[in-house]
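>>> this is a predicted model, with the sequence first.
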Amino acid sequence: MERDDRRAARHLENERIRAARVERVEQRRKENEERARLRAEAEAAERAKQHVLESVASLRSPICCVLGHVDTGKTSLLDRIRSTNVQGGEAGGITQQIGATFFPREALVGATADINKKYRYNLNVPGLLVIDTPGHESFTNLRSRGSSLCDIAILVVDIMHGLEPQTRESIRLLRQKKCPFIIALNKVDRLYAWAANENMDIEQTLSKQKDNVCSEFDSRVNQIKQELMAEGFNSELYYKNKDMRKVVSIVPTSAKTGEGISDLLLLEIQLVQQFMEGKVTYKDDLQCTILEVKPITGYGVTVDAILINGELHEGDTICLCGQNGPIFTQIRALLTPQPLKELRVRGDYIHHKQMKAAMGIKIAANDLEFVIPGTPLLVVHNGDDKEKIAHEVMREANSISDQLSSDGVGVTVQSSTLGSLEALLAYLKDMKIPVASASIGPLHKRHMIQLLSMKRKAPRYAVVLAFDVQVSEDARDIAKKNDIDIFEAKIIYHLFDMFTRYVAEYENREKERARAIAVFPVQLAIIDEAIHKSDPIILPVKIERGQLHPGTPLAIMRGDTPLLLGRVMSIERDNKNIPVARMGNECAVKINSGETGVVYDRQFTKSDSVFSLITRPSVDAIKKFKDELSEDDINLLATLIKVLKVPPR
């Protein structure tokens, strides 16, 4: 019995030892599996990190422009985006460049951290370059061979006002340049009873609004979607957009509270990485465009430029497009401002030996006074063909002549930059307004002297459309003495409105002048004996074709020669004077025959067909009234021209 107990105890001990061994083996297996899992995760994370680093290294920063109507909050939106940073008071690496604000990847990651918890989107671009000056000029100057160098645009729309004139002009520009864009539907904080949630993503803040606020929001969004559809674009709130390639994304924002700003930044990066990676891949070939020409104390005249691809170095020989031909010069200094926190230091710049794209930079060099903004900058290396480079840099400015009217008849256009000139010429072409002369820079006396021949040849086009340029006093004096209009504006559609009003007023004046000699075509039958046979002759007539007006000279044919009866003094119908009698009308017509001496029943009778006597001057004058002529009136006019042998012009 005792032996059996010992045996049972040993068996239990062996089982316990075996179980402990199995447990240790299982524990080691789990530990090995956990180590392997952690190692795999670490390797995957390292690979992902490496992929991001490689992606960042291979991509350049996308370039973004901000467009929209005045007072939609473009500048406020830019200010709010600039102030968005990683938690803390520092600028988070955000740097103010010449003409642009650069947001490094780390700042973008920080600014979009909260919303990206929901989307978990990898940011691979090295940063984002936002052009500082909102509006058309920056956008139109970011150009190369007619295409936009802007990778993506933000079109700011006021949710309270919808699409406004400049918004529509922006849309036309974006469509023309095939530039993708996002709608920033700004000022959502203006909705009645909106409860602000500082810097919150838009979906989250909408979920916290009352029903009446959401109802007004939906109503206004739908209205703006309909307005965009009328402009040819389907649109949708970005978080509901199933096809971002074809449907424009709308991001509701508030520049005041920061709501929706993180959505806007994340969506910009997402769209660029998803659909435009090829375009924002960094290239060594230099691509640089001039934004502005500015005098700066201590540096003389400088140019502000956006370096899109490649590198620039201090000492590089460069070639630029000038108003009077190519400009060759050497870079004295490559400059950027101090970091944001030191921007108070006026005129204090950081010097760089070299700059790599994408960057906004200031270039100091000699002979920059007449550089044309909106044109490319090229570097001249040893052994390069200078003549070929000069031709290349001037090519786009010279191509403007291709857009001028072939007969030399049209308006004169003067613009501050090549980009804005291109935009203006495209606008005028759409409106079917011919352009005889187009150039860049201030309006001088020589431009006005050229206009004097236009005043004689085609006076309606003897006008200047001056877009954001200075006008010399000599030019103004010539314009005043010769009654030539100079229309000046800084917004294209304002310029067009001025010209449209001018054309309408000019047409009205010309019509009034033409009315005295214009003769409407008419053919009438005498339907009874004359009421009065001599001056004034009064005849009962029926209008067979055309239209009869007071003042019309009436005639009959005698062989191949017309016999003038006299001019219509008045037309009476139902005992009332009427201004015009048309085909089918019966009326009494009073004719002044004092000068002709014609008498009814002597020189003409009831059987004669009476018509308006037209001449070459009257035919030219009636062209001013084309909108008042029916097709049959025009056919009758052609018949009378033939019968009366009216000479060609």
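Perfect, thanks for sending it. Numbers count the residues shown, from 1 in each chain.

>>> for the residue nearest the centre of the chain, helix, strand, or coil?
Most central in the chain under Cα atoms, centre = their mean is Leu173, positioned 2.8 Å from the mean C-alpha point. Three-state call for Leu173 (DSSP: H, G, I helix; E, B strand; the rest coil): helix.

>>> can you check Ala196 too?
Using three-state DSSP, the structure places Ala196 in coil.

>>> what's the closest non-adjacent residue to it?
Counting by Cβ to Cβ, 6 or more residues apart in numbering, Ala196 lies nearest to Thr257, which is 4.3 Å off, once chain neighbours are set aside. Bear in mind the C-beta positions are built from the backbone N, C-alpha and C, glycine included.

>>> number of nearby residues for the one you found?
Per other Cβ atoms under 10 Å, the neighbour tally for Thr257 reads 19.

>>> shouldn't it be in contact with Glu198?
Yes: judged on Cβ atoms under 8 Å, Thr257 makes contact with Glu198 at a distance of 5.6 Å.

>>> please name the nearest non-neighbouring residue to Val409.
Residue nearest to Val409 in three dimensions, not counting chain neighbours: Ala458, with 4.7 Å by Cβ to Cβ, 6+ apart.

>>> list phi and psi for that neighbour.
Note on Ala458: backbone dihedrals following degrees, to the nearest 10 are phi -150, psi 80.

>>> what secondary structure does Val251 sit in?
strand.

>>> number of nearby residues for it?
Val251: 23 neighbours (other Cβ under 10 Å).

>>> now do Gly310 against Val213, distance only.
50 Å (Cβ to Cβ, to the nearest Å).

>>> tell me which element the closest residue in space to Ile531 that isn't next to it in sequence is part of?
Once flanking residues are discounted, Ile531 sits nearest to Ile538: 4.0 Å by Cβ to Cβ, 6+ apart. Applying DSSP states H and E as the criterion places Ile538 in strand 537-548.

>>> and for Asp474?
Using DSSP H and E, Asp474 maps to helix 473-481.

>>> just the CA trace of that helix, in PDB.
The C-alpha trace of helix 473-481 is given here as PDB (Å, rounded to 0.1, in the frame of the first residue of the first chain):
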ATOM      1  CA  GLU A 473       1.600 112.100 -69.000                       C
ATOM      2  CA  ASP A 474       2.600 112.400 -72.600                       C
ATOM      3  CA  ALA A 475       0.300 109.400 -73.500                       C
ATOM      4  CA  ARG A 476      -2.600 111.000 -71.500                       C
ATOM      5  CA  ASP A 477      -2.100 114.300 -73.300                       C
ATOM      6  CA  ILE A 478      -2.300 112.700 -76.800                       C
ATOM      7  CA  ALA A 479      -5.300 110.700 -75.700                       C
ATOM      8  CA  LYS A 480      -7.100 113.800 -74.400                       C
ATOM      9  CA  LYS A 481      -6.300 115.900 -77.500                       C
END
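
>>> Glu259 contacts Thr205, doesn't it?
Yes: using Cβ under 8 Å, Glu259 is in contact with Thr205, at 4.9 Å.

>>> got any residues that touch both of the two?
Shared contacts of Glu259 and Thr205, defined by Cβ atoms under 8 Å, 6 or more residues apart in numbering, comprise Ala196, Asn197.

>>> quick one: Leu173 from Glu422, how far?
10 Å.

>>> which other residues reach stretch 388-406?
Outside stretch 388-406, the residues touching it (Cβ under 8 Å, 6+ apart) are 145-146, 319-321, 325-326, 328, 372, 375-378, 380, 410, 418, 421-422, 425, 429, 434-440.

>>> I should have written stretch 244-256 there, sorry.
73, 76-77, 79-80, 159, 181-189, 196, 202, 206, 217, 221, 224-225, 228, 233-238, 241, 259-261, 263-264, 267, 271, 274-275.

>>> how does it look with 7 Å?
Stretch 244-256 is contacted from outside by 73, 76-77, 80, 181-189, 202, 221, 228, 233-238, 241, 259-261, 263-264, 267, 271, 275, using Cβ atoms under 7 Å, 6 or more residues apart in numbering.

>>> mind listing which of those are in strands?
When these are checked against strands (DSSP state E), the matches are Phe181, Ile182, Ile183, Ala184, Leu185, Asn186, Ser235, Glu236, Leu237.

>>> farthest pair within those?
Using Cβ to Cβ, these reach their maximum pairwise distance at Asn186 and Glu236, which is 17.4 Å.

>>> more neighbours: these two, which one.
Asn186 (28 against 18).

>>> contact partners for the more buried one?
Thr72, Gly73, Leu77, Val156, Val157, Asp158, Ile159, Thr253, Ser254, Ala255.

>>> and the gap between it and Pro295?
According to Cβ to Cβ, Asn186 and Pro295 sit 35 Å apart.

>>> domain parsing for the chain?
1-55, 63-275, 287-380, 404-515, 522-643 (automatic domain parsing).

>>> pLDDT of the shortest one, averaged?
Yep, that's domain 1-55 we're talking about. Domain 1-55 shows a mean pLDDT of 69.

>>> please verify my assumption that Ile81 contacts Ile131.
No: the criterion here is Cβ atoms under 7 Å, and Ile81 misses it with Ile131 at 11.6 Å.

>>> this completes my enquiry, with thanks.
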